[in-house]
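Trainee: here you go, sequence then predicted model.
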Amino acid sequence: MGSEQEDSPQTKSVNTQVSSRSIWSGSITIGLVNVPVKLYTMIYNKGVFFRFLHKTDGQPIKYVRVCVKEEKPVPWTEIVRGYEVSKNEYIIFETQELVAVRPESDKRIRISKFVDYFSVDPLYFDRTYALLPDKSIDAYSLLLSALERTNKAGAGRITLRTKEYPVLLHTYRGALVLTTLRYVYDVIDPQNFEALHKLVVPQKTELDLAIKIVSDLSGDFDIAEFQDTYKQNIQKLINKKIKGEKIIVEKPPETEAKGLMVALQETLKQLEQK
Amino acid sequence: MDFEELKTFTKVKLKNLDKCFYPQINVTKSQVVEYYIKMAPKILPLIAHRPLVLTRYPDGVDGHKMAFFAKNAPQGTPEWVKTEPIYSSSTKRNVNYIVCNDIDTLIWLANLAALEIHMPFSILGELEHPDLLFFDIDPEVPATISDAAEVALLLKDKLYSRGFTPFVKTSGKKGLHVIVPIVPRWRFEQTRRFVHQIGIELAKENSIVVSEFKDTKTPGKVFVDYLQNSTMRTMVIPYSLRPTPEATVSTPLEWHRIKRGLDPLDFNIFSVTQHSEDPWRGIFNKRERLSL
């Protein structure tokens, strides 16, 4: 198809397509004030995506849930969840038991206080969603302007599907956005790495030099400076394949097997001498 | 990759050689296989005729990836790999242990992603009669490997004064392992009691040493662990890789290298193959007798 097409539809650099379906609707509540909003996906993974196919007949490969003992597929009706308490020992949970303890979604983004946006370490940022006004444009505009003016962000929580998340309500390019945050237990304190306990205080001359290099290379951050070259190369290949060109796969260097062989020959010699 | 020629040297069908096993230092499966091939002359005499326990890391040692203990030979074990059924009283069935007496089996283990290999303290046919005494010197934070080294030296002196010749290796993490080869004539209760007794004496003479399991979590202490001296309990084999980010190796060392400042990170997949010394060579040629 379309063999004369030069550009693939996927080569657009800026992502302008937006989702038309909201994934959640409810309201931001701050004390007694409610701002009705809808939540939209804003972050996409636009890397290259491949399907696995069966080489011999070109049919898609599917995954099957198989019992490791019987080695045959297991229907969902026979599947429960197990929590491993010690090696090979599980506590069993039925779906109903887990549903009973799920947090209930109360359709609210509960903001408990406002914080300096830059005081939240980006390490805790998980996923960002766009918030759009639902019915009341005035309340939305008011909240947006107030946050923009004060450079503050609202901290609170939301229940999405089955999990409660800490969230940060903040502004991005003239919109209110909501970023779910990671819990403290999901982030490791790097001081747990023993190697860090061996750090030494650098000498002043070295430190001055290092600081000079840092300041010489200082500038403003621009994400557009970073290109996904792997994706670009794949895209070129895709375009070629669409045009029916034969792809010549470059052979990786044969160093690995060769290295093993040399090592093996030497070792066999040593073993013979014993 | 040129596998055809490799096949003439090993029966093992090597797979996924470019898979990354140690992501933080970019070590691939190929390098792991190469490591075990190079170390085979030193490893094989020490682990021959012993049922082995493996820790397999099919997706490498990244903290989030799965690892599992394997005692039973997996499905698809080639018929040329020697296995030995041993009855397990806890599970009431036979476990088919892998025995590694030759280089092909060692390569096959590396190909299984068995980064870490463990061995018991007795050999086939004499499983209830240990041929090694095992002292596991385990420092509890803030005690470090330097403290473990000092305790190992105290232990060495004590064992020498009793007429024994001990050997030492790093655990590859923060501890040290000291062993004494013995004539397989005593039972594990006896060797365990003997090793425990030495620990008790050391603890009496040195405040940093603890000899009892209940005290192991006392901060700053060094535990001389005797508990592994039991049937089918194991230690990581000499020259085994460890699942540390730096691909450290449990490395046999000459006693003069055991001192404060000893750094287990110095002994890793890259450095150990460069060592020419082989401090545990022939350790089973001279076996001690216990006088109980």
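Mentor: Yes, it's here. Residues are numbered from 1 along each chain as shown, chains lettered A, B, ... in the order given.
Trainee: partners of B:V53 in the sheet?
Mentor: Beta-bridge partners of B:V53, counted by DSSP bridges, are B:H118.
Trainee: what about it, how many neighbours?
Mentor: Other residues lying near B:V53 total 23 when counted by other CB atoms under 10 Å in any protein chain shown. (C-beta placed from N, C-alpha, C; glycine too.)
Trainee: strands along the stretch 51-200 of chain B, start to end?
Mentor: B:51-56, B:68-70, B:83-88, B:93-99, B:116-120, B:132-139, B:167-170, B:176-181 (DSSP state E, counting those that start in this stretch).
Trainee: what angle separates the first one from strand B:93-99?
Mentor: What separates the directions of strand B:51-56 and strand B:93-99 is an angle of 80 degrees, with axes from the mean of the first three to the mean of the last three CA atoms, to 10 degrees.
Trainee: how about low-confidence regions in the stretch 1-150 of chain A?
Mentor: A:1-17, A:19 (pLDDT under 70).
Trainee: interface residues of it facing chain B?
Mentor: Within the stretch 1-150 of chain A, the residues that sit near chain B (CB under 8 Å from any CB of the partner chain) are A:K87.
Trainee: can you rerun that using 10 Å?
Mentor: A:71, A:87-88 (CB under 10 Å from any CB of the partner chain).
Trainee: looking at the residues you listed, which is nearest chain B?
Mentor: Closest approach between the residues of the stretch 1-150 of chain A next to chain B and chain B, by CB to the nearest CB: A:K87, at 7.3 Å.
Trainee: quick one on the thing from earlier: which one of the residues of the stretch 1-150 of chain A next to chain B sits closest to B:I123?
Mentor: A:K87 (26.3 Å; CB to CB).
Trainee: contacts only, for the closest one.
Mentor: B:68-69 (CB atoms under 10 Å, 6 or more residues apart in numbering or on different chains).
Trainee: tell me how far it lies from B:F68.
Mentor: 9 Å (CB to CB, to the nearest Å).
Trainee: same check, this time on A:D57
Mentor: Distance of A:D57 to B:F68, computed by CB to CB: 34 Å.
Trainee: those two: who's more crowded?
Mentor: B:F68 (11 against 6).
Trainee: closest to B:E126 among the residues of the stretch 1-150 of chain A next to chain B?
Mentor: Minimum distance to B:E126 across the residues of the stretch 1-150 of chain A next to chain B is 28.0 Å, recorded for A:K87 (CB to CB).
Trainee: run a quick neighbour tally on residue 210.
Mentor: You didn't pick a chain, so chain A it is. The number of residues packed near A:A210 is 11, by other CB under 10 Å.
Trainee: can you look at chain B instead?
Mentor: Neighbours around B:V210, by other CB under 10 Å: 23.
Trainee: one more: A:L271?
Mentor: A:L271: 13 surrounding residues under other CB under 10 Å.
Trainee: go on, B:E246?
Mentor: Summarising burial for B:E246: neighbours were counted as other CB under 10 Å, giving 19.
Trainee: now swap in the one 10 residues further on and tell me
Mentor: The tally of other residues near B:H256 (other CB under 10 Å) stands at 6.
Trainee: kindly report the same for B:P142.
Mentor: 9.
Trainee: skipping adjacent residues, who's closest to it in space?
Mentor: B:G220 (5.3 Å; CB to CB, 6 or more residues apart in numbering or on different chains).
Trainee: same deal with A:L98?
Mentor: According to CB to CB, 6+ apart, the nearest residue to A:L98 is A:R81 (6.9 Å).
Trainee: how about B:K42?
Mentor: Distance criterion CB to CB, 6+ apart; nearest residue to B:K42, sequence neighbours excluded, is B:D278 at 5.2 Å.
Trainee: hang on, isn't B:K221 packed against B:E140?
Mentor: Yes - applying CB atoms under 10 Å, one finds B:K221 in contact with B:E140, separated by 5.3 Å.
Trainee: what about the two, which has more around it?
Mentor: A side-by-side neighbour count of B:K221 and B:E140, using other CB under 10 Å, places B:K221 first with 20 against 17.
Trainee: out of everything not next to it in sequence, what's closest to that one?
Mentor: Spatially, and ignoring its direct neighbours in sequence, B:K221 is nearest to B:V210 (4.6 Å; CB to CB, 6+ apart).
Trainee: okay but the one you found is in contact with B:T218, surely?
Mentor: Yes - contact status for B:V210 versus B:T218: in contact at 6.2 Å, counting by CB under 10 Å.
Trainee: anything in contact with each of those two?
Mentor: B:E140.
Trainee: before we move on, back to that, list the contacts of the residue nearest to B:K42.
Mentor: With CB under 10 Å, 6+ apart, B:D278 has these contacts: B:41-42, B:45-46, B:238-239, B:252.
Trainee: and the longest helix for chain A?
Mentor: helix A:255-273 (DSSP state H).
Trainee: rewinding a little: can you redo the strands of the stretch 51-200 of chain B as JSON lines with mean pLDDT?
Mentor: Below are those laid out as JSON lines (pLDDT from 0 to 100):
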{"stretch": "strand B:51-56", "mean pLDDT": "95"}
{"stretch": "strand B:68-70", "mean pLDDT": "86"}
{"stretch": "strand B:83-88", "mean pLDDT": "92"}
{"stretch": "strand B:93-99", "mean pLDDT": "93"}
{"stretch": "strand B:116-120", "mean pLDDT": "97"}
{"stretch": "strand B:132-139", "mean pLDDT": "96"}
{"stretch": "strand B:167-170", "mean pLDDT": "98"}
{"stretch": "strand B:176-181", "mean pLDDT": "97"}
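Trainee: next, format those strands as a markdown table and append distance to A:G47.
Mentor: As requested, the strands of the stretch 51-200 of chain B are exported to a markdown table (distance: least, CB to CB, whole Å):
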| stretch | distance to A:G47 |
| --- | --- |
| strand B:51-56 | 30 |
| strand B:68-70 | 30 |
| strand B:83-88 | 44 |
| strand B:93-99 | 40 |
| strand B:116-120 | 34 |
| strand B:132-139 | 45 |
| strand B:167-170 | 42 |
| strand B:176-181 | 46 |
